[in-house]
Each structure stands twice: as structure tokens, then as C-alpha cells.
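**Student:** sequence and computational prediction follow.
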Amino acid sequence: MTHSDRKTPLEARRSAALSGRVRVPGDKSISHRSLILGALAVGETRISGLLEGEDVLNTAAAMRALGARVERQGEGAWTVHGVGVAGFVSPAKPLDFGNSGTGCRLAMGAVAGSPVTAVFDGDASLRSRPMRRILDPLEQMGARSSDGADGGRLPLTLHGARDPVPIVYRTPVASAQIKSAVLLAGLSAPGVTTVIEKEWSRDHTELMLRHFGAEVSSEPEGPHGRKISLKGQPELKGAAVVVPADPSSAAFPMVAALVVPDSEIVLTDVMTNPLRTGLIKTLREMGGQIDELNTRRDAGEPMAEFRVRASRLRGVEVPAERAPSMIDEYLVLAVAASFAEGTTIMRGLQELRVKESDRLAATADMLRVNGVKVEIDGDDMIVEGRGHVPGGGLVATHMDHRIAMSALMMGLASDLPVKVDDTAFIATSFPDFVPMMQKMGAEFA
């Protein structure tokens, strides 16, 4: 059954104050990486707090198909018995990553370093997204792709390198997915594989590679960039991983609490990696009351509790260099900007055009259909906030979970209800989103 066969529309209505103490699902980026690195390690990896959304479950299934033993022990608790670096086997069937670009692209890097052949596929949304910028460096390392559609789109066949070679690669855009794919392929290559970024992207892969025993160095490159070097052919060892709560998922109840009058909530165990906290920094600049409590660290990743209280927000300008630290959060930031007083300018959003949907256009449409004045100028989005949102619109989600959740958060404080055409895709990242929000007081129908 396809997602289009089971559309589940939902309407969000103006709600009373939100309250409660909740833990949003485990971070998706860490969940994907813990499964993939566990599969490339020798011995047992124990994972707790794993996000059990469709995207991550597809990655778990892919690692199982590639030869690792991946087992669920209980809610959020998983074990992976890995096959070692370059130890994958050719899967009998295509690897179906559903809606997940992260799982697909990271797995491409892992497969590229093994002498195996695998077919990569996904749903209609993932099939529309470009893979060529991932495939280019992998092919430089000795892998080969075939059968792909224009632009290296899925479905395609990836032939891993029998004798992978290390490279020095400058990424064309700030992308943790490109960097991670190259580093994962570099695990199998002799010598040192180096990735140079003009803008420093998320460093979860580097931190987790070290946690599993790889030698990875990172140093500044230019005013905002980074040079990351990996020593190839390590013996990764299974490790324990505690997955922190996903800051991208925490963004939705956080913004809702800021815009729904008199709200106060606490979000626990949220990752506070500085390369992921651009939204929190921006919301604070807008006047958001967000207090950080009880900080700690696990497997290299910092985390904390956040107390969020309803606030009077004001428009700000968000610089382009902040984009890598909050690229998935601009959709819900646009909601916050709609309720702010004054103009919010978000610069350098070109990466939003190649996500699950053209998120830049879809976000602007979401605002316009609900009476918010918004303009796209090149790669910048300009939102004219008036302190309230008229609402009353039907939002087309374009098979994108973040569009759906952002629109629903808008409806909790808008003058009239906001309806989304389909919430089925929310399960890819946040399976319990609706009941969790309802427990805090959100009104859906």
C-alpha cells in the first residue's frame, strides 16, 4: 500500500496553554549513524533511545540485508552485531529507504567501500531527489553507479569498490550527508581520506567514528570551514550508544509553546551540539524565553533540558552562515516568524530546495494560504509578521513530514484552524507526534 492510498488529513485548532514535561523521539541523525557504524564494527553495539520511525527502521532493514545482525530488544533498545569494515554482502533485494535521504546517502558511502553490488530505491519523494553529488566523490574512490535516472536519481545500482582509494574532496555545498558518505567509504581505503568544507556542517559522523575507535582529525579551514581527515582501514569495535532527543523534533513543541499564549513546557534530553542549535539561538534573538537546564554528555554528544515559555516574538535577520546548523528547522521557524512582530529575513536557504520537497516553495505556500505575507528573493525567505496569523488554510504537505508538523503548530495559535492534507509521513521521524502534542493540550480534529 502506498502512502497516497492512506492519506490522513488533520486540522489544528487554537488551543489553550500548552503544558507538560516530554521527551521527543531520539535524534534521527544519530539513530541512522549508530546502526550503520554498528554494522561496520566488530562485535556488539547496544543502542538505547533509537528513533523507531520509518526512516530509521528502513536503515535497520538495509543493514540487516547487507549482512549485519540487527535486533530490537525493547522500546528504543537495539543491538547490532557488525560485519567489520568492508564486510558487507550483496543484498538479495533492493534496499528500500522509503522517504529517507539521510539513510540512503550514508548507506551509499558505507556500501561504496565494500566489494558488493546493491540496488538503492525509495518512495516517490526520494526518487525525485538528486544523488549525483553523493555519487561523484564515491566514484572517484572507485565505486561505480549504473541504471540511475537523470541526475543519479533512484532507483540505481551501486557497485562498491574492490580497491577503494583515499581522496581529498572539497564539498560543493555544506552537507553532512556528502561528508559522511565520503568518510564512510574512506574507512575501507588505505591511507588518509580528507573532506574539506567551506562551511562547517554537522559533525555527528566524526564524533561517532571516534566513539567506535576510528582516528579522525578536524581543523579549521578558512573563515567558516573545516578540514576533516580519516585514517583508513581501522578495526571499529562495537560500542554503547545513547541516542539523545532530536533537536529537529523538539523544534515543533518548542515553537508551539512560544506562540500559544500562557504555555510552559519542559523538553528533556535534547541534543545541544552547537552545529544543531541554530534554531534555539535564533528564537532567543527573537525574544523567546528558552532556559537550558541539566546539561550532560554521552557518546560525544551534549544534551540538556529546555524550559520554554510563551513569549512575544520580534522579527530578526538570520544570516546565511547559520543555515547548516538549522537547515531542517526553517519551516517551523517560518511559523514563529509569522507570529512575531516585524520582518524576519532568512538568508541562504538554497539547500531547502532539494529536501523531501522543495521546502522553500512549500513553506511559502503554507504561510500564504494562511494569510501571512511572505516573499522568496533568490535563496532568501522574507516573512512579514503581524503578531498573529489569520489561518483558515488547507496546506499541501507534498509528502513532507516537516511541512505537516509545522502547519499543525501554526494552527494551534492562529485565528482560524489550519488543515493539512496528509499526516501519514509524520511517522517517518515522529511516530507519536499527535498524541504527544495532545497530551500537552494541543487541539486536533
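**Tutor:** Done, it's in. Numbering: from 1, shown residues only.

**Student:** chain center to stretch 104-113: distance?
**Tutor:** Offset of stretch 104-113 from its chain centre (C-alpha atoms, centre = their mean, to the nearest Å): 17 Å.

**Student:** three-state assignment of E305?
**Tutor:** Three-state call for E305 (DSSP: H, G, I helix; E, B strand; the rest coil): strand.

**Student:** same check, this time on V389
**Tutor:** Going by three-state DSSP: V389 is coil.

**Student:** let me know the secondary structure of the closest residue to it other than its chain neighbours.
**Tutor:** Residue nearest to V389 in three dimensions, not counting chain neighbours: S414, with 4.1 Å by C-beta to C-beta, 6 or more residues apart in numbering. Yep, even glycine has a C-beta here, placed from its N, CA and C like the rest. Assigned by three-state DSSP, the conformation of S414 is coil.

**Student:** ok, S414 touching N370?
**Tutor:** Yes. Contact status for S414 versus N370: in contact at 6.3 Å, counting by C-beta atoms under 8 Å.

**Student:** so who does the nearest residue in space to K231 that is not next to it in sequence touch?
**Tutor:** Leaving aside its sequence neighbours, K231 sits nearest to E215 (C-beta to C-beta, 6+ apart; 4.0 Å). Neighbouring residues of E215 by C-beta atoms under 8 Å, 6 or more residues apart in numbering: L230, K231, P234.

**Student:** the first one: neighbour count?
**Tutor:** It refers to L230. 26 (other C-beta atoms under 10 Å).

**Student:** so it touches A214, yeah?
**Tutor:** Yes. With contact defined as C-beta under 8 Å, L230 reaches A214; the gap is 6.4 Å.

**Student:** common neighbours of the two, please.
**Tutor:** What both L230 and A214 touch, as defined by C-beta under 8 Å, 6+ apart, is the set L187.

**Student:** hmm, back to that, any common contacting residues for S414 and N370?
**Tutor:** Contacts common to S414 and N370, judged by C-beta under 8 Å, 6+ apart, are V389, P390, G391, G392.

**Student:** so what's the residue count around the second one?
**Tutor:** P390 has 14 neighbouring residues, counting by other C-beta under 10 Å.

**Student:** what residues of stretch 397-410 count as buried?
**Tutor:** 397-410 (16 or more other C-beta atoms under 10 Å).

**Student:** before we move on, the earlier item: out of the shared contacts of S414 and N370, which end up buried?
**Tutor:** V389, G391.

**Student:** now the shared contacts of S414 and N370 in a markdown table, with pLDDT and distance to S338?
**Tutor:** Converted to a markdown table, these look like this (pLDDT from 0 to 100; distance: C-beta to C-beta, whole Å):
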| residue | pLDDT | distance to S338 |
| --- | --- | --- |
| V389 | 98 | 5 |
| P390 | 98 | 10 |
| G391 | 98 | 10 |
| G392 | 98 | 13 |
